Each structure stands twice: as C-alpha cells, then as structure tokens.
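quick one, structure for this:
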Amino acid sequence: MTETVRRPWPCLLVVLFAAFMDMMDLGIVSVAAPSIQRDLHSDYASAQWFMASYALAFAVLLIPGGRLGDIYGRKRVFMTGVAGFTVVSVVCALAPTAGVLIAARFVQGGFGALMVPQVLAVLQILFPATRRGLALAAYGTVMNLAQLSGPILGGIMATDDLLGLGWRAIFLVNVPIGALVLVGTAVLLPESRSDRPLRLDVTGIVLVALLAGLVSYPLQQGRAAGWPPWMLAALAAALPAGLLFAWHQRRRGPQAALVPVALFRRRSFVAGIVLLLLVYTALLAQQMVVIWHTQIGLGWSPLRTGAAGAGWVLGLFLLGGFAVTLAPRIGRALLVSGCLLVAASIAVLSEVISHDALSFWRLFGCMTALGCGLGLVVPILVDLVLAGVPKRDAGGGSGVANAVIYFASAVGIGLSGLVFFGQVASGGDAHARAQEYRVADAGPGAADALRACVHDRSAAADPYRIPASCRTSRAADPVVAAATTEALRRNFADSAANSLWYPAGAFLAAVALAPLLPRGSGTADAGDADGGVVAADGSGARPENPAGPRVDVPLN
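Residues are numbered from 1 along each chain as shown. Below is the predicted model:
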C-alpha cells in the first residue's frame, strides 16, 4: 500500500507513542538496574542481563520483525508487538526473582522487535516523500524526548517509591501507554503489506540467534562462572557460526536472504558496521560504568544519577541539528571531530573520578561535553554507513545497521561488567592495605578484619549482601568500619576510572576507521550500479521493508 492516507497525523501520533514507550523503557531500566539488583538479591551478572537480554532479543528479531510486517500486514504485526510488550511489562513488574525478570525482558525485547520496525514503515506509507520531512522531524523529536525522560523518570520512580511500588513502577507505566496505542491503532491505522511475494528466512534467524548467543552469553557470565573451558569454546565457535550464516545467506539468494550479502562486498559498508560496533559498544560501556560507580560505589540515588547523566542528551540535542545539516558535505569530518570530543570527555571524566572529585555538576558537565560529541556522530552515523548503498538494498542495509546497534549494546554491557567488576574484585586487597594506617591504633586484629572485609566485599557477586567477615565485632568497630568504607569507595573509583579508558580507546579506534567511509552522507561509492543512495532523512529506504529506526540510541 502506497497511497496517501487521508488523515495521516493522528495515525502518526499513535505509532510515535509506541516508539516513545520503547525508547523510554530502555533508559528507565538502565538507571534503575542497581535498585532492581538490590531488591531481588541478584548478582552482578544478573543485573547485566536485565538490560542485555532485551537488547539481544531486539537485535536478533529486528530484521525478521520488519519482514513479518511486510508479509502479514504492518498493522497486525504492530498491534501484536504492542500488546505483547504491554502484557510482558506487567510480568516484569511482578517478577519475584531475577531469573523471571531476565526471561520477561528477553520476551519483551522480542515483542519490541515486532513493534518498532513498523513505525518507520508506517511513516513512509502515511506521507509521500515531498511531505515526509516534517514527519521525520516529529519522529526525531519524540526519540529525543524519550531519551531525556527515560533516565529521569526511572530515577524518580526508583528513588521516590511511587505508590510503594519501587522499581516495579518503571514497567507498569507502559500499561496505560500500550492500551492507548492499541485502541488508537485499531481505530485509525490502515492495514498495509508488501506487494511483492516475500518469505521468512527461519534458518537465517536461528543462525543469527546462535551467533548472538555464542558471543553474548560468555561475555555476560564468563567472569562470574570462572571462565570454564566450554565458555571459551563458545566464544571461539562464534567465528564458524558467522561463516555458516554468511554461506546460508549467499545460498538463499538476494531476494530471499535475511541480509543482502552484496552489502558486505562494499568496503565502506563493512568499515561502517565495525565502526557502529565500536561506537555503541563503547557508549553502553561508558554509561554502565558511570551508573555502577555512582550508585554502588558512591551511594547516589537513581534520580541523582539519572539527572546528572541526562547531560549527554542535552549535548546531543545542541549539536545534532547542526550535524544533520552539514552531513551531506562534511559528514566524515564531523564524525571524526565528534569521536575525538567523546574520547576526550571520557578521559576527563576518568581523571575526575580517579582524583575522587566527582560531583553532580562535574558529572553533568562531562556528560554534556560527551553529548556534544555524540551530537556530531549519532544523528549522521547510520546515514554515512549507508551512503554508498544502492536504493535497492537500502532497507536491508538499514536493518543490518540497526540490528548491529542493539547487538553492540548487549556486548557493551557484557564488556563493561567484565572489565569493571573484574577490577573491583582484584583491587580490594591493595586498597585495604592502603587504609591500614587508619586502624593502627584500633587494637589487635583490626588490620586483619579490615583486609578480610574489604576482600570479601570486593569479590562478592552481590554488592548488597554483607559477608560474614564484615559482621564480626572487630569489623564493626567504628574505626575499622570507616576504613573499610573508604577502601571500598576508592576501589570502585579506581576501577571506574580505569574501565573508562576502554570506551575512550574505542572512540579513537572509530576515528581510525572513519577514512574508509564516504566524505558525506550524500556521497555514493564509485561503481554503484544505479548511483542510488540513502538520503540524510532516510527517505531513500525502501518503503516496503525499512527494518527499523536509524537514530535510536539504546540505553539498556
């Protein structure tokens, strides 16, 4: 269906509410994760899965979700996604254990992958190309509002214990929104589907899920499990699994493949995919290190963390429009400048934390500067990656790029936990020794009690469970307890400061890859068969299969 709908704006409002719900949910959960972990008595690995499970399911099913809308009708699949997302939100809110919540989040991510791809598909159906600019602007505005409000709302709900629900309110807020979207969709939205015969590549989906699991599960659980040989073997098996998927896609042919294999013959596209992996893995790693340090290490409330961290959305908003305007001419230069600014901002934040000088306004300032750098990167990055892709492959390329973004989010959470909590566990003894002078006059056994408590607290899988070594009479001595608190605080600060160098280095690596991209988002690669490109506003994507939003920034 491509004809113009008589009243498109009310229809657009309905689908934008769904996009808002999905994006807001991501930010809400990230900032509330330590509170959820404390209430459910879960370990660090489980807390990482609260966010990673959603991103992983979303990444695997994003492209199939768009294809299902093409085959069975976008309205039908959209309503299925919204209904499932809403119902599973209730399950998340009622989850009695961490395992139930992780499973529910995984299912919720699957329903989100049915819901979100239809939003841009419907947008392109509702508006002809000549009138699509304002609709895309509305979409971008809603996404920015969701990104800004998610962490703050999550902080308010987790901190203020609204109606006695605590963190559970962050999921229940989806229920009224989802109900309104379902009613509006049923009444206003027309049905549409692809005019071309399409098939779903079930084998390809299974292989993608296998590849994602082989990478993600060891990264999330490896440290906690002590890296058994089978986990290392799983990581090693990811490469042959990827090669098997590539062989299967080539065998399926260009019309039936889940991913257009021809895209990966383009140097700029391959470099762009690697660059997307670097940027979004680093972005999520940086965010999670800050959340863990401020809430667990410093004892900040979720609201304080969310409000200070929201500075990055402000920075992105300040420069995002500027970047989009200049991207067709100097997009690559903007990308390089933005990545350098982000790397510098993370380096400054690392130094502030290492010098024990982190405050609300210092964090807000660093995050705003980081956001300004992201404003030169995020709004134009996917367009640059797709700049040399012919129009016939634009939908497939967009789907691959967005799936990579969400997969990188899950990987970033796993890597950040692996590095950060590994350093916390290994750094406890040194920081305990550094505080022994404070208990020199506290009597015999004080230094031993200090070392034992700090070691066990640092190595613990659950930061909120007090080990037996910290409940002895010597550990409870006020002088020993004060030294223990200081040692743990410094251990978290140094671990956070050191862990931030990984995302800073990833953004610098992205700078090294930038020369492989086109100079601007309107520049086609030489040798394109049709010279077609994806426009900066995304209007070059095929309306029958836009596989997802292009400028989402997951805050899982």
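
point out where the stretch 251-400 of the chain drops to low pLDDT.
By pLDDT under 70, the weakly predicted segments of the stretch 251-400 of the chain are 254-255, 391-392, 394-395.

change it to 90
Confidence mapping of the stretch 251-400 of the chain against pLDDT under 90 gives the ranges 251-272, 284, 301-303, 306-307, 309-329, 331, 356-357, 375, 378-400.

now do the helices in it.
All helices of the stretch 251-400 of the chain, identified by DSSP state H, counting those that start in this stretch, fall at 267-292, 302-309, 311-354, 360-375, 378-385, 394-434.

now mean neighbour count too, for these, in a markdown table please.
The C-beta positions use only the backbone N, C-alpha and C, and glycine is treated the same way. Supplementary listing: those in a markdown table, determined by neighbours: other Cβ atoms under 10 Å:
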| stretch | mean neighbour count |
| --- | --- |
| helix 267-292 | 24 |
| helix 302-309 | 24 |
| helix 311-354 | 21 |
| helix 360-375 | 21 |
| helix 378-385 | 27 |
| helix 394-434 | 24 |
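
wait, which of those helices is closest to Gly184?
Nearest to Gly184 among the helices of the stretch 251-400 of the chain is helix 394-434; the distance by Cβ to Cβ comes to 24.7 Å.

what about that closest one, distance to the chain center?
What separates the centre of helix 394-434 from the centre of its chain is 10 Å, taken as Cα atoms, centre = their mean, to the nearest Å.

and the next helix or strand past it?
With elements assigned by DSSP states H and E, the helix or strand that comes after helix 394-434 is helix 446-459.

quick one, that following helix and helix 394-434 angle?
Going by axes from the mean of the first three to the mean of the last three Cα atoms, to 10 degrees, helix 446-459 is angled at 170 degrees with respect to helix 394-434.

now for helix 446-459, which elements pack on it?
The contact analysis (3 or more Cβ pairs under 8 Å, 6 or more residues apart in numbering; DSSP states H and E) places helix 446-459 against helix 394-434, helix 473-476, helix 478-499.

buried set for that helix?
Across helix 446-459, burial judged by 16 or more other Cβ atoms under 10 Å covers 446-458.

what is the nearest of those to Arg223?
For those, the nearest to Arg223 is Ser458 (13.4 Å; Cβ to Cβ).

what's the neighbour count on Asn174?
Counted with other Cβ atoms under 10 Å, the neighbours of Asn174 add up to 25.

excluding chain neighbours, what is closest to it?
Nearest residue to Asn174, sequence neighbours excluded (Cβ to Cβ, 6 or more residues apart in numbering): Ser89, at 3.9 Å.

same check, this time on Asp383
Asp383 sits nearest to Ser521 (Cβ to Cβ, 6+ apart), 3.9 Å away.

check Val88 too.
Val88 sits nearest to Gln108 (Cβ to Cβ, 6+ apart), 4.3 Å away.

next one: Trp361
Nearest-residue entry for Trp361: Ala308, 7.9 Å, with adjacent residues in sequence omitted and distances by Cβ to Cβ, 6+ apart.

list the contacts for that neighbour?
Contact analysis of Ala308 by Cβ atoms under 8 Å, 6 or more residues apart in numbering lists 294, 360-361, 363-364, 367.

how about a cut-off of 7 Å?
By Cβ atoms under 7 Å, 6 or more residues apart in numbering, the contact list for Ala308 reads 360, 363-364, 367.

can you give me the buried ones in the helix or strand containing Leu13?
Per DSSP H and E: Leu13 is located in helix 8-40. Using 16+ other Cβ under 10 Å as the test for burial, helix 8-40 gives 8, 11-12, 14-38, 40.

just checking, what packs against that helix?
If you count contacts as 3 or more Cβ pairs under 7 Å, 6 or more residues apart in numbering; DSSP states H and E, helix 8-40 packs onto helix 44-72, helix 98-115, helix 117-126, helix 132-160, helix 169-172, helix 174-188, helix 267-292, helix 302-309.

mind giving me the packing neighbours of the first one?
Which is helix 44-72. Against helix 44-72 (3+ Cβ pairs under 7 Å, 6+ apart) you get helix 8-40, helix 74-94, helix 98-115, helix 117-126, helix 202-225, helix 394-434.

kindly report the same for the shortest one.
Helices and strands in packing contact with helix 169-172 are listed as helix 8-40, helix 74-94, helix 132-160; criterion 3+ Cβ pairs under 7 Å, 6+ apart.

how about residues contacting that helix?
Residues outside helix 169-172 that contact it (Cβ under 7 Å, 6+ apart) are 28-29, 32, 89, 92-93, 154, 157-158, 162-163, 165.
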